[in-house]
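>>> Next come a sequence and a model predicted from it.
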Amino acid sequence: MTAVSLLPDNQSGTDSGPVRRRANPTLVAGAVLVGLVVLACVVSFFWLPYDPTAVDVTIRLRGPSGLHWLGTDSFGHDIASVIIAGSRTTLLVGVVAVAVAAVIGVPIGIVAGSSGYRADTWLMRWNDIMQAFPALLLAITFGAIWGGSAVTAMFALGIGTAPAFARVTRSGTLQVMSREYILAARASGRGWWFTAVRHILPNVGGVLIVQASVNFAVAVLAEAALSYLGLGTPAPTPSWGRMLQESQTYVFSDPLLIVWPGCAIALTVLGFNLLGDGLRDVLDPRLEREG
Amino acid sequence: MSLLELSGLAVHSGSRTLIDNLDLIIEPGERVGLIGESGSGKSITCLSIMGLLPEGLQASGSVHLDGVDHDLLTLPESRLSTLRGQRMSMIFQEPMTALNPLMKVGRQVAEIMTLHGRHKQQAAREAVELLARVGIPDPAAAAEAYPHQLSGGQRQRVMLTMAMANSPDLLLADEPTTALDVTVQAQVLDLMRDEVAESGTALLFITHDLAVVSGLCARVLIMRDGVLVEEGPIDRVFNDPRHPYTRGLLAASALATDPRTGKLITVPRAGGATDSPPSPQRSDDAAQRSDDAVRRSGPATHEVLGEDGSTIFNQTEDEPAIRVRGLSRTYHRGRTSLFGPRREIRGLDSVSFDVAAGERFGIVGESGSGKSTLLRLLCGLDAPTSGAAEVAGVQLAGARERGLGRLREQAQIVFQDPHSSLDPRMRVREVIAEPLRHATQAERRTKVADLLAAVGLPAAAADRYPHQFSGGQRQRIAIARALITEPRILFADEAVSALDVSVRAQVLNLLADLVDAYALTLVFVSHDLNVIRHLCTSVAVMQSGRIVECGPTDQVYADPRHPYTRQLIGALPTLQTSII
């Protein structure tokens, strides 16, 4: 081939590597919502309208105004400041929970998918047992043993959602293992480690990113639930879940107190779910469509 | 009035032209072959006639079917669907995916008839009759079977039954025998010819294989890059091709060699540039080695499997590169009932043979013959159940992965499907350098550059990803990866089966050159007898896990002694052409 044409191959099958395409609306919507949360988190380190922990009973339970955009709560905290500052807790819990889940789940999935029938059966049966145990219940148990804190919540959620990671990784690994490049790697004398790190991991990366995004949403919701139950982030660290709990008494007199953190949680969860769906459309070759 | 009339058909995908200004007329009862390589637009043509173009493709021009007063391209879906299966029907390449796996075969056949107004019970009865007519043994039982319980050939017969159930005026067959073994292919082609002749159906037969069309069609069309380059009666086109592409395609299909160079003739590309890479220089040392090898081994003997089944084929006096004795591999399948025993399948049944150093050894057989199993065992990718094998001085039976290090350097493999054998997330540089385990970055770089040059790819290819290359180019990359450790033995598992005929010729030329240049022992597994005949000095014929015949290629092809070998060679579709 003196002049090699490097046009995309028209006989290419299902996975032909990275593919560029037009922006996916779901992905864009998800990215915008998630971007807002991340932006709020970054901004909160440099600037906040008011100190979110400052208690001032003289201005408690004010409605939204130019001074306090979203009003103030029963302690006189500026709600806008608490919500912006609360995004830190949300993101921290989400990131750590997903990281813990991935660090535990991904190796289990790769080992199960690539090491033969026996290892697969044992690991996956254990995984099923773990998966049958609700993550939230695990977090409550951990909270009862080590005391409720953001740290126990993060690790409990991470451990609780690891089985889902293991399952997804395993199914992706099985698919990759059926490919001839794995055989070629073995025929080249490459060992299990090389194959796992250089072949399997990059090729299941797409599904893992999707799983991480969806798990993030689960973690955000669970953190809010735990804080609401008093097992999450302790006062005075701002947290959306605890805002709900503290405003509970005022549901009927000041419903807005619950609406603000509720919206923040709902939009964040929605954002991560949309992001996950959008990424799946873009990254999953099985759903590939022409056009 | 002709049956089908395509005029000025053009299909675009965005700005890309897939088919350009295609004119085609098919008379009632006529059998037309449409020949082209992958990407030539032959399948797209077929889909546009059926109105089944995938979303995102725009068709223009016109398609007229006799008796329909409307252009098929703009006909509403509701009217098109009454035509499909009734006036025109289609058979696909892969019958397993074209049949519904959860529906009994008989019901699928009957459904086609009930859809077009037949009574249910009557349709079910007729379905069984039709299955009997296409030669399926025990048709009543087959009607109650699910697709996976039938063999590939039987499934394609079922597809044919469904397509012909309503005696359509036009049958479109898209590579219907490509996925079948040669012996089965011959039967299905015969059947298809009879069926079509009997009901007076016109046939548009789409294929990349010129030999298949030879005995079936009266007229052929040659298509390339969405353009019809030649058409005419089959005798005229095959014996007196006017377009250089047709000529090249015929030569490449027949694996014709250029008398001056002894190499396969390749198809000229559109740009006019020749496609064959400079042949790698054969080093004196390597030449000496391979010449020695050939002299030492002497002529191999032509043998047939004995009564006791313990014949040792191709025995050499000197130390062979590969020595296999009584090698068996048994697979376990799942239980059919909860307490029943596990079923055993003998993938390989006590095979014994030698391959001399420097020999080009071909293994030929149909699907399920155990040829790929044998190759995987020899590469150390699978462990034998019993028996012994020694490859490049390494004992394989009972060896652990760690003990195979020497084998991994001395023996490498090239796989069938270059789309699956290259990791899509790795750059070509990393793909090719993968077998180099203890090398510095600089060494890798120079070696990769050398190998890319040897397989005829530009040095810039190293930084790209596999999906940016065509099938033939990817196979070159796979070959480069196999040769980077400078192995003594190269295994090839159907290495050219997934490639177009024109590309096949190039890759075979390349392989032959490299085998010479690197003084390799080549073990080439294929279902394609013609490829083996061209490339290999000796051949072993495999059937259900055993070697049934083995000997020098010329002798085995000229004088097949085992009935199965005779059957295989007899079933080969022959290309009737006089241009070579």
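Here it is on my side, so go on.
>>> which ones are touching residue 196?
Let's take chain A. A:Ala196 makes contact with A:Ile110, A:Ser114, according to Cβ atoms under 8 Å, 6 or more residues apart in numbering or on different chains. (Each C-beta comes from the backbone N, C-alpha and C, glycine too.)
>>> Correction: the question concerned chain B.
Per Cβ under 8 Å, 6+ apart, neighbours of B:Val196: B:Arg31, B:Met164, B:Leu171, B:Ala202, B:Leu203.
>>> Can you name the next helix or strand after the helix or strand of chain B with the lowest mean pLDDT?
In chain B, no helix or strand scores lower on mean pLDDT, DSSP states H and E than helix B:284-297, which sits at a mean of 50. Counting by DSSP states H and E, the element after helix B:284-297 in chain order, helix or strand, is strand B:303-304.
>>> Against B:Thr316, how distant is the most centrally placed residue in chain A?
Nearest to the geometric centre of chain A sits A:Phe216, at 1.3 Å (Cα atoms, centre = their mean). As judged by Cβ to Cβ, to the nearest Å, A:Phe216 and B:Thr316 stand 64 Å apart.
>>> What of B:Asp209?
36 Å.
>>> With A:Thr161 instead?
Taken as Cβ to Cβ, the span from A:Thr161 to B:Thr316 is 61 Å.
>>> Which one of these two is surrounded by more residues?
More crowded of A:Thr161 and B:Thr316, by other Cβ atoms under 10 Å in any protein chain shown: A:Thr161, with 28 against 19.
>>> A helix includes that one, no?
Yes: counting by DSSP: H, G, I helix; E, B strand; the rest coil, A:Thr161 is located in a helix.
>>> Surely it and A:Asn215 touch.
Yes: look at A:Thr161 against A:Asn215 with Cβ atoms under 8 Å: they come within range, at 5.2 Å.
>>> Please name the nearest non-neighbouring residue to B:His148.
B:Pro101 (6.2 Å; Cβ to Cβ, 6 or more residues apart in numbering or on different chains).
>>> where does that neighbour land in three-state SS?
coil.
>>> Double-check it against B:Ala145; I have them as touching.
No: here B:Pro101 lies out of contact with B:Ala145, judged by Cβ under 8 Å, at a distance of 11.6 Å.
>>> Settle it for me: which of these two has more neighbours?
Applying other Cβ under 10 Å to B:Pro101 and B:Ala145 shows that B:Ala145 carries more neighbours, namely 16 against 9.
>>> How is chain B partitioned into domains?
For chain B, the structural domains run B:4-253, B:284-571, going by automatic domain parsing.
>>> could those be laid out in a markdown table, adding distance to A:Glu180?
Converted to a markdown table, these look like this (distance: least, Cβ to Cβ, whole Å):
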| stretch | distance to A:Glu180 |
| --- | --- |
| domain B:4-253 | 18 |
| domain B:284-571 | 4 |
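>>> right, and these - which one's nearest A:Gln175?
Closest approach to A:Gln175 among the domains of chain B (Cβ to Cβ): domain B:284-571, 11.1 Å.
>>> So which of the contacts of B:Val196 belong to strands?
B:Arg31, B:Leu171, B:Ala202, B:Leu203 (DSSP state E).
>>> tally of neighbours for the third one?
Residues contacting B:Ala202 under the criterion other Cβ under 10 Å number 22.
>>> next one: the last one
Burial of B:Leu203, expressed as a neighbour count using other Cβ under 10 Å, amounts to 23.
>>> do the second one as well
Other residues near B:Leu171 come to 24 when the count uses other Cβ under 10 Å.
>>> In the stretch 51-200 of chain A, what residue lies closest to chain B?
A:Gly189 (3.1 Å; Cβ to the nearest Cβ).
>>> ok so, going back, what's the most distant pair in the ones in strands among the contacts of B:Val196?
B:Arg31 and B:Leu171 (9.4 Å).
>>> where do the contact lists of the two overlap?
B:Val196, B:Ala202, B:Leu203.
>>> The last one and chain A: what is the separation?
Just to be clear, that refers to B:Leu203. Distance, B:Leu203 to chain A, using Cβ to the nearest Cβ, to the nearest Å: 25 Å.
>>> what's the answer for the second one, then?
Look at B:Ala202 and chain A: by Cβ to the nearest Cβ, they are 28 Å apart.
>>> for B:Ser40, same thing?
Note on B:Ser40: its distance to chain A, by Cβ to the nearest Cβ, is 10 Å.
>>> and that residue, what does it touch?
B:Met223, B:Arg224, B:Asp225, B:Gly226.
>>> Next step: those restricted to strands.
Per DSSP E, the subset of the contacts of B:Ser40 in strands is B:Met223, B:Arg224.
>>> ChimeraX command to pick out the buried ones of the contacts of B:Ser40?
Burial among the contacts of B:Ser40 is assessed by 16 or more other Cβ atoms under 10 Å in any protein chain shown; the matching ChimeraX selection reads:
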select /B:223,224,225,226
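>>> wait, which of the contacts of B:Ser40 is closest to B:Ala439?
Checking the contacts of B:Ser40 one by one against B:Ala439 (Cβ to Cβ), the nearest turns out to be B:Asp225, at 41.5 Å.
>>> Quickly find the element holding the closest residue in space to that closest one that isn't next to it in sequence.
Nearest non-adjacent residue to B:Asp225, counting by Cβ to Cβ, 6+ apart: B:Ser40, 6.2 Å away. Under the criterion DSSP H and E, no helix or strand holds B:Ser40.
>>> Give the burial count for the residue nearest to A:Trp192 when sequence neighbours are not counted, as a bare number.
Nearest residue to A:Trp192, sequence neighbours excluded (Cβ to Cβ, 6+ apart): A:Ser114, at 7.1 Å. A:Ser114 has 20 neighbours, counted by other Cβ under 10 Å.
>>> And for the one 3 residues further on?
Applying other Cβ under 10 Å, we find 7 other residues in the vicinity of A:Tyr117.
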